[in-house]
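Undergrad: Build me a model from this:
(2 chains)
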Amino acid sequence: MIVHPPSQSSLSDPSTIAPPVPSRIHEGVASWQALRARRWYAVMGLMVFLTCGAIMFCLQFGAHALTMAELWSALTFTKSGSEEVARAIIWDIQFPRILMGLFVGASLAITGAALQALVRNPLADPYVLGISSGAAFGATIGLALGLGSIVGGLGLPLCAFIGGGLSIVLVYGVAASQGQLPMHKLLLAGVIVNAVCSALMMFATSILNPASLYRVVMWLMGTLSAPSIPALIGIGASLMLAVVLLLRESQALNLLAVGEDAARSSGVDSDRVQRLVFLVSAVLTGAVVSVSGMIGFVGMVVPHLVRILCGADHRLLLPVSALGGGILLMVADTVARTVVAPAEIPVGVITALIGGPFFIYLLMTRKYRFFA
Amino acid sequence: MSQQASVSAGSSPSPAFEVNRLSFRYDSVRSSPSDAVSGWIIKGMEFAVHQGEIVGVIGPNGSGKSSLLKLLTKLVRPQEGSIRLFGAEMGTLSRESIARQVAYMPQDLSYDFPFSVLDMVLMGRFPYRRGGVWNLVGWERQDDLAVAEDAMAQTDVTHLANRMIDTLSAGERQRVLLARALAQVPRVLMLDEPTAHLDLNHQLDVCRILKRVHAQLQMTVVLVSHDINLASQYCDRILVMKQGAVVCFGSPQEVIHPQVLAEVYGCQVLVDAHPDTGLPRVSLPSQDGHQTVAVSGMV
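TA: Coordinates of the predicted model:
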């Protein structure tokens, strides 16, 4: 990760701290800081480990089950037995798909976490901004006009991304006034753009031919199958950029999540932070929806689970949500393509079926603050 | 009695706040019931708050108290007039540099997210954060934690450090918010209804802490309150507002006067001396309404 917790040096060598520590400092302070740093390392280490484990799990239990030996030889490029087929399966088919699951899940979860803080509403998710409906409408128009297969198969994602981009402009234009972005107006604008785009999309689908209609419906359900390499690189790069930009504002998001006036009085440039987080979230959501359709539940549930487990500090919440969302979607996608193989269940169905009951269980037992 | 409060700075160094011909209204809606024609919430206010004093702002609902507090923390910008903070024009100061001098304690915050008390108090260190390539997320340093720990000790919430904010009582939350404000190491503390919704015991707690902090740190305190008695007991000077203007500004003995209060609030009240401090104390008259204003000990 790019993130760095409180400087290690100050833990091991107190003399390196620049400002003189007040004399009233007592042991509690040092132990708190050590605890916070240690907790951050422990949780992030665990998450990275789980992510690697999930990748291995998904590689092994994909639709084309491999033995451990085959998997190992394919991953390490050593020759043994049926290596050629295994290598092709892993590197050309499985790995891009798993990586796409990781990127899409991470994008949805980190966007959801950031937006929940921004609008101070734990029920927000990436689709609340109306960008996804705009992208869906764009994709539908693209299919209706037969643009789906132009530009080397990227026609559909491009149409969707243009639709999403136009709805970003629309939502922002409606909500922003005098350099400010009032959150209640942003939510209302998102809801309304959502409704209008959905209506337009229903109209478009009602006049589509059955073959295109089927593609639209499948696209809407969300799928990670056969990602193109440019799409994979595009999503990966946008995700990295978004992670850096959001982490830079994670402490500001903490302050905004508990109150805007108080945050401003503590020095948060709320207008800039709100604009930035909205734009980053909107663009990332548009990109993700363009390549994978509407995969529900990850963006709303994962931040909640992480908050229950690790507390609300966005400096920890954002990266852990990203990895957690990636893990959830990778595993859900593996389930989706194996349980009824060779057919596939839409991955959105699996995320809802895994996430929903688990979320209800956590809500009912209210097991808040395990680690916090 | 109704003296106009144009206070000169005197011999002391530049006042904490120097407010000149300050006028403010919300841009979009003419929402002020008190002045529906012009929509001005604050009209030509002039006063100064000296360093180290406790100033209470009182006045009826809609008199512009909260707007004044927002103006003094630059949460909103005035249309006319100026505010000087320790001699510096407030409009030219960045949000962060104001936050290092003025801390604002809101009435209440949103508790939908499970932050710990320590998380909450450390938010007060935001204007002092040092980012950079190697500290992308802005972790606090050890000195930040020392300041936060000190602030929590000041307000007696150290034992709550790892509790979740949503599990605390209203009195404990109020002390946590105060600790968060103190963690900003401000020169001026702005409080919006610091004792609203608190029972007597917790009101006393908050007031004692305020008094102690003020005495130890020589902090300037500006508080808005509906509780005139609280203002009378704890404030050096009281600013009485009505319809966005200063009615009078002076010591509790000067300001807590039946005629002034009757003029401002539009109802008769009784004023007598507090049995302990001798400071003026306000109570509402009995319901029959025939009783004339009774004044004892004050005039």
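Undergrad: Stretch A:222-240: which residues count as buried?
TA: For stretch A:222-240, the neighbour count (16 or more other Cβ atoms under 10 Å in any protein chain shown) marks A:Gly222, A:Thr223, A:Leu224, A:Pro227, A:Ala231, A:Leu232, A:Gly234, A:Ile235, A:Gly236, A:Ser238, A:Leu239 as buried. (Each C-beta comes from the backbone N, C-alpha and C, glycine too.)
Undergrad: State the pLDDT value of B:Ser8.
TA: Per-residue confidence (pLDDT) for B:Ser8: 42.
Undergrad: and if you look at A:Val151?
TA: Looking at A:Val151, the pLDDT reads 58.
Undergrad: Equivalent analysis for B:Leu109, please.
TA: We have a pLDDT of 85 for B:Leu109.
Undergrad: Next, it: phi, psi?
TA: phi -120, psi 180 (degrees, to the nearest 10).
Undergrad: Count the neighbours of it for me.
TA: B:Leu109 has 24 neighbouring residues, counting by other Cβ atoms under 10 Å in any protein chain shown.
Undergrad: Which parts of chain B are helices?
TA: For chain B, the helices defined by DSSP state H cover B:65-72, B:95-99, B:117-122, B:142-154, B:170-183, B:200-217, B:228-234, B:252-255, B:258-265.
Undergrad: would you list these in CSV and tack on mean neighbour count?
TA: Listed next are the helices of chain B as CSV, based on neighbours: other Cβ atoms under 10 Å in any protein chain shown:
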stretch, mean neighbour count
helix B:65-72, 22
helix B:95-99, 20
helix B:117-122, 27
helix B:142-154, 23
helix B:170-183, 25
helix B:200-217, 15
helix B:228-234, 22
helix B:252-255, 20
helix B:258-265, 18
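Undergrad: ok, which stretches of the stretch 1-150 of chain A are helices?
TA: A:9-12, A:27-60, A:68-76, A:83-88, A:95-118, A:131-144 (DSSP state H, counting those that start in this stretch).
Undergrad: Flag whichever of the ones you listed has the least confidence on average.
TA: helix A:9-12 (a mean of 38).
Undergrad: Low-confidence regions, chain B specifically.
TA: Scanning chain B for pLDDT under 70 picks out the ranges B:1-12, B:28-38, B:132, B:287-299.
Undergrad: which among the buried residues of stretch A:222-240 gets closest to chain B?
TA: Using Cβ to the nearest Cβ, A:Leu239 comes nearest to chain B of those, at 15.6 Å.
Undergrad: which SS state does that closest one fall under?
TA: Here A:Leu239 is recorded as helix under DSSP: H, G, I helix; E, B strand; the rest coil.
Undergrad: Please report the distance of it from A:Ile110.
TA: Per Cβ to Cβ, to the nearest Å, A:Leu239 is found 8 Å from A:Ile110.
Undergrad: One more: B:Val206?
TA: Going from B:Val206 to A:Ile110 by Cβ to Cβ gives 39 Å.
Undergrad: Please apply the same query to A:Phe161.
TA: 19 Å.
Undergrad: now do B:Leu145
TA: Distance of B:Leu145 to A:Ile110, given as Cβ to Cβ: 27 Å.
Undergrad: and if you look at A:Leu241?
TA: For A:Leu241, the distance to A:Ile110 - Cβ to Cβ - is 12 Å.
Undergrad: Could you check which of these two has the larger neighbour count?
TA: A:Ile110 (33 against 13).
Undergrad: how about the residue most central in space within chain B, what does it touch?
TA: Nearest to the geometric centre of chain B sits B:Leu223, at 2.1 Å (Cα atoms, centre = their mean). Contacts for B:Leu223 (Cβ atoms under 8 Å, 6 or more residues apart in numbering or on different chains) come out as B:Ile54, B:Val55, B:Gly56, B:Val57, B:Met190, B:Leu191, B:Asp192, B:Pro194, B:Leu210, B:Ala231, B:Cys235.
Undergrad: Let me have those in CSV, extended by distance to A:Leu329.
TA: Listed next are the contacts of B:Leu223 as CSV, based on distance: Cβ to Cβ, whole Å:
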residue, distance to A:Leu329
B:Ile54, 56
B:Val55, 56
B:Gly56, 56
B:Val57, 54
B:Met190, 46
B:Leu191, 47
B:Asp192, 44
B:Pro194, 47
B:Leu210, 51
B:Ala231, 57
B:Cys235, 58
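Undergrad: Chain A: which of those is nearest?
TA: Of the contacts of B:Leu223, the one sitting nearest to chain A (Cβ to the nearest Cβ) turns out to be B:Met190, at 7.8 Å.
Undergrad: Please look at that closest one and B:Lys70 and confirm they touch.
TA: No. Using Cβ atoms under 8 Å, B:Met190 is not in contact with B:Lys70, being 9.4 Å away.
Undergrad: Let me see the mean pLDDT of stretch A:309-321.
TA: Across stretch A:309-321, pLDDT averages out at 90.
Undergrad: any residues touching it, and which ones?
TA: Stretch A:309-321 has contacts (Cβ under 8 Å, 6+ apart) with A:1, A:3, A:39-40, A:43-44, A:47, A:109-110, A:112-114, A:117, A:243, A:246-247, A:250-251, A:253-254, A:257, A:302-303, A:306-307, A:369-372, B:113-116, B:119, B:137-139.
Undergrad: Common neighbours of A:Leu239 and A:Ile110, please.
TA: Common neighbours of A:Leu239 and A:Ile110 (Cβ under 8 Å, 6+ apart) are A:Leu284, A:Ala322.
Undergrad: Pretty sure A:Ala204 sits in a helix.
TA: Yes. Under three-state DSSP, A:Ala204 falls within a helix.
Undergrad: Would you mind listing what in the stretch 201-350 of chain A touches chain B?
TA: For the stretch 201-350 of chain A, the contact set with chain B under Cβ under 8 Å from any Cβ of the partner chain comprises A:244, A:247-248, A:250-252, A:254-255, A:257-259, A:261-269, A:307-308, A:311-313, A:315.
Undergrad: please redo it, this time with the cut-off set to 6 Å
TA: With Cβ under 6 Å from any Cβ of the partner chain as the criterion, the stretch 201-350 of chain A meets chain B at residues A:247-248, A:250-251, A:255, A:257-259, A:261-262, A:264-267, A:269, A:307, A:311-313, A:315.
Undergrad: among those residues, which are in helices?
TA: Per DSSP H, these map to helices at A:247-248, A:250-251, A:255, A:257-258, A:261-262, A:264-265, A:307, A:315.
Undergrad: buried subset of the residues you listed?
TA: Judged by 16+ other Cβ under 10 Å, buried ones among those: A:Leu247, A:Ser250, A:Gln251, A:Leu255, A:Ala257, A:Val258, A:Asp261, A:Ala262, A:Arg264, A:Ser265, A:Arg307, A:Arg315.
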